[in-house]
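# Provide a 3D model corresponding to the input given below.
(3 chains)
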Amino acid sequence: MAQRFDVLGLIGLVLLVAVWQLLTFAIPLIALPHPAHVAERIGEDFIVADYLLFYGLPETGLLDSMIYTTQNVLIAVALGATVGTVCGLVTARFDLIRAVIDPVLLVLGTIPILVLAPFFLIWFGTGRTSAVLLVAIYVAVILYIYAQRAASTLNPVYEDAAYTLGASRRRVVWDVLIKGTVPQILGGIRIALAGAWGLEAIAELLGAQQGIGKIVQVLAGSTDMEGIFAALLVLGILAVVFDAFTARFFSYVSAWSVEARTGGG
Amino acid sequence: MARAADGRDVIVASNLSRTFRRADRQMVTALDDVTFGIDRGQFVCLVGPSGCGKSTLLKLIAGLMLPSSGALEVEGESVTQPGPERGMVFQQDSVFPWLRVIDNVEYGLKCRGVGRAERRKSAEFYLERVGLSHVARAWPRELSGGMLKRVAVATVFANGANVLLLDEPFGAVDYVTKRNLHDVLLALWTEAGSTERRTVVFVTHDVDEALILADRILVMHSGRIVDDLAVTAPRPRTTDGLMEPTMVRHKHVLLAHLGLENLQGDAKAPTGGEGTEP
Amino acid sequence: MKWLIAQFRRRLVSILMLLAMAGIWQILSTIYTAEAVPGEPMVPGWQIVFSRTLLSLSDYWQGGLGVPSVAEGAPQSYLAALLSILDHSVDTIVRLYVGLLIGGLVGSLLGMAVSWSPWTRRIVDLPVQLLRTLPLLAMVPMFQLWFGIDFVGKIAFVGYGVGVIFFAGVVNAVKNVPQIYIDNARTLGASRLQIYRTVVMPAIFPEMRGTILLSLGIGWAAVLGAEYLGAQSGLGYVIIYSEQFAYLDRMFVVALIFVFYASISYAIFDRLSRRLLQWTPQAGRVVAHG
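Below is the predicted model:
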């Protein structure tokens, strides 16, 4: 989304922090920590968080957890987006395959993928596999729907035109089907990515050895609100930064499309 | 009925038919036992009311669709699939929005493995010929409808097709733009010299457009070719030229075929260049 | 008639596909016979599900209505199993819909209040986008520490998740109201309040369809997440409680029930919003001209 940056937005951001600050006067600090304290806490816990040692975790901090969580999310998004996009594009062109895959994915699309988490914990343990698989399925379902819709609505005249200009079938797939659906597919990835962070975090909360979710779980056990705020804020910043990156990439790759200019999302 | 094929023809159709199955399972005949031949270098217009099968015929020649029965040959070879020797300009905008204008013009050459420098030179040449050099690096969304049509024309000419198929290409543009596009198209077509001219099949429902452009007009109705007019007026054809008696007679005939006029007076029957059959 | 046949055919493929999935599950259960803990297969086949599993769900009945609970020493019974499923279902569904209602109402009202002037809209734009990007599901523990693990905690969590979606949805929809409608109303002499009531509100209605469906998905995920991480009742609680004993068969049945509810709710909302939208564009047009 190549949106113009609005200076008034900064005022809004300042207001948000101010409201938080004001609330801390009314609500006990144990429930709502001071913004400055949370910021300090992020600094303290960044490399090594002392409290984690109490809980028998190896010497680690927010940075390590961020890396672990980010890795999982990125692997899952790459995996899920590839599978979902390929299936979506193929089913948009072959009705028979579509009739087979559609019911499965539409059922998956209407249920919270989270329902699979406890099963994965038993089947695949508390390591990376469970969380990555869970997030990958979620991403695949979204991308399947987006890619299929994009390919179905792509004007067939483009494919005809490419053939009459002498393009081979493989070329048409790459130059028309894929290039022509890139904006919608990237839009889908952006939406999937936004949900992926929360899903990854809750998968870690339910059972994991490390990651931001694990830290939140540990801190929730000792009602350490300041620490939870710090961890969640770090996770939120990760999500926002990656979203901004995707948006930048989106507007760069889709510079040709009308939606990219008006900002579809 | 159209004249049967002879040895010099580029496009030869014999007993060509095409039927469709509608959604309610009724069979519809879009093209009904059509036989004709088209000379090399001729500018042929296909005229007829909507639904008469003219677009179907064009798609068959392009190879985007296969006939239900009958034979269709271009340059002596049976048409089985689309190919770069038969360029097509579509009714809808077919310029790829995800490629810049110049990359669009180059696209066919790129598909055929022409080197970068050479295809760029060719694309620049044809963009210049259609008067779009200044927007070579623009995105298609930044162009007007008429400009997009110019890009499409430049693309097929750059691709070096011997047979150009145009499916109501200028149907959606305003009158002035349309007249300008005619000039652009005719200039590109005539500059090759009469011996090397490309063969053009141009589908339209606009009678004046056909009279300005065509050497020969094939009239279609209900899936058949019902008339074949030779337009011998000299080029370039002017507004005055369209008022010559022969042109006026042609126009009356065409309008009658489209159901807009009953033929009276001196233009009694739809008479074309060769034998006719209403 | 023909349309019906085509519809039936599409349904048939879907049903066959679902049957095939059930078959694959069964085949998997016979090929892969490993057990999570002794006596608890990793992939419980249908023969297990339909024999001991359904009965075992009576373990989750907490007593009452004259049907004693297993914890009180009563034997497992189908009646207790049915009651326990109904009981936990009601808990989950009530949490979801109360949360949806409160979140939807509060979110919409705040969104409309903020959209009153372009200035406030521009000020809240960035904070709202940030709030929407924050990973909701990771915040479960925070809400539980604030509002407890009971009813209020769940509703607050679902309400927050849904509220943020509605808030952002309304703000965005108001932003997208075509200026021409507003200009038209102004030239006809409508006051600011009148424009808001008669032009803006009807015009944003169609755009809210996507928001409602999205909030439904968020709501189901939120209630499930909240029940996973600390609850005394609800389908999510039963699933996660069974998970601790590796009772995969019970998890499987309850998860299927949960999926069933979620799919049904989608179908209902989809149809309902479609019907509501049948008249909205017309209503919008009448208002815009008068």
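
# hey, where'd the strands end up in the stretch 51-200 of chain B?
With DSSP state E, counting those that start in this stretch as the criterion, the stretch 51-200 of chain B has strands at B:69-74, B:77-78, B:86-89, B:163-167, B:199-204.

# then the first one to CSV, C-alphas only?
Coordinates of the C-alpha atoms in strand B:69-74 are reproduced here as CSV (Å, rounded to 0.1, in the frame of the first residue of the first chain):
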residue,chain,number,x,y,z
SER,B,69,-15.8,-29.8,-38.9
GLY,B,70,-14.2,-28.7,-42.1
ALA,B,71,-10.7,-27.6,-42.9
LEU,B,72,-8.8,-24.4,-42.3
GLU,B,73,-5.4,-23.7,-43.7
VAL,B,74,-3.1,-20.7,-43.4
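
# Leaving out chain neighbours, which residue sits closest to whatever residue of the stretch 1-150 of chain B ends up closest to chain A?
Closest residue of the stretch 1-150 of chain B to chain A, C-beta to the nearest C-beta: residue B:84 (3.0 Å). Every residue, glycine included, has its C-beta placed from N, CA and C. The shortest distance from residue B:84 to any non-neighbouring residue, by C-beta to C-beta, 6 or more residues apart in numbering or on different chains, is to residue A:166 (3.0 Å).

# At the contact with chain A, which residues of chain B appear?
Within chain B, the positions near chain A by C-beta under 8 Å from any C-beta of the partner chain are B:62-64, B:81-84, B:86-88, B:90, B:92-94, B:96-100, B:107-108, B:111-112, B:139-141, B:155-156, B:159, B:165.

# Confirm that residue B:36 sits in a strand.
Yes: secondary structure of residue B:36 (DSSP: H, G, I helix; E, B strand; the rest coil): part of a strand.

# Tell me how many other residues surround it.
20 (other C-beta atoms under 10 Å in any protein chain shown).

# Tell me what it is bridged to.
residue B:13 (DSSP bridges).

# Quick check, it in contact with residue B:219.
No: under the criterion of C-beta atoms under 8 Å, residue B:36 makes no contact with residue B:219, lying 11.6 Å away.

# joint contacts of those two?
Shared contacts of residue B:36 and residue B:219, defined by C-beta atoms under 8 Å, 6 or more residues apart in numbering or on different chains, are found at B:225, B:228.

# residues in contact with residue 177?
If you meant another chain, say so; for now it's chain A. A:89, A:93, A:151, A:154, A:159.

# Chain C is the one I meant
Per C-beta under 8 Å, 6+ apart, neighbours of residue C:177: C:199-200, C:203-204.

# Which single one of those residues is nearest to residue C:47?
Lowest distance from residue C:47 to the contacts of residue C:177 (C-beta to C-beta) belongs to residue C:204, with 52.9 Å.

# Can you report phi and psi for the nearest residue to the closest one once chain neighbours are set aside?
Spatial nearest neighbour of residue C:204, chain neighbours left out: residue C:173 (3.7 Å); criterion: C-beta to C-beta, 6+ apart. Main-chain dihedrals, residue C:173, degrees, to the nearest 10: phi -70, psi -40.

# Next: residue B:221.
phi -150, psi 130.

# can I assume it is in contact with residue B:54?
No: using C-beta under 8 Å, residue B:221 makes no contact with residue B:54, being 9.7 Å away.

# ok, these two, which is more surrounded?
Counted by other C-beta under 10 Å, residue B:221 and residue B:54 do not tie: residue B:54 has more neighbours, with 28 against 19.

# residues in contact with that one?
B:46-48, B:203, B:220 are the contacts of residue B:54 under C-beta under 8 Å, 6+ apart.

# Export those to a markdown table and append columns for distance to chain C, neighbour count and secondary structure.
Shown next, in a markdown table, are the contacts of residue B:54 (distance: C-beta to the nearest C-beta, whole Å; neighbours: other C-beta atoms under 10 Å in any protein chain shown; DSSP: H, G, I helix; E, B strand; the rest coil):
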| residue | distance to chain C | neighbour count | secondary structure |
| --- | --- | --- | --- |
| B:46 | 34 | 26 | strand |
| B:47 | 36 | 26 | strand |
| B:48 | 31 | 26 | coil |
| B:203 | 33 | 27 | strand |
| B:220 | 31 | 24 | strand |
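
# next helix or strand past the helix or strand hosting residue C:98?
Element membership of residue C:98 [criterion: DSSP states H and E] is helix C:78-114. Later in the chain than helix C:78-114, the nearest helix or strand by DSSP H and E is helix C:118-133.

# Please identify the deepest-packed of the strands of the stretch 51-200 of chain B.
strand B:86-89 (a mean of 27; mean count of other C-beta atoms under 10 Å in any protein chain shown).

# How far off centre is that one?
Relative to its parent chain, strand B:86-89 has a centroid offset of 9 Å by C-alpha atoms, centre = their mean, to the nearest Å.

# Can you list the helices and strands that that strand packs against?
helix A:156-164, helix B:54-62, helix B:145-158, strand B:163-167 (3 or more C-beta pairs under 8 Å, 6 or more residues apart in numbering or on different chains; DSSP states H and E).

# right, so of those, which gets closest to residue A:106?
Here helix A:156-164 is closest among those (C-beta to C-beta), at 24.3 Å.

# Now that closest one: buried residues?
For helix A:156-164, a neighbour-count test (16 or more other C-beta atoms under 10 Å in any protein chain shown) marks A:157-164 as buried.
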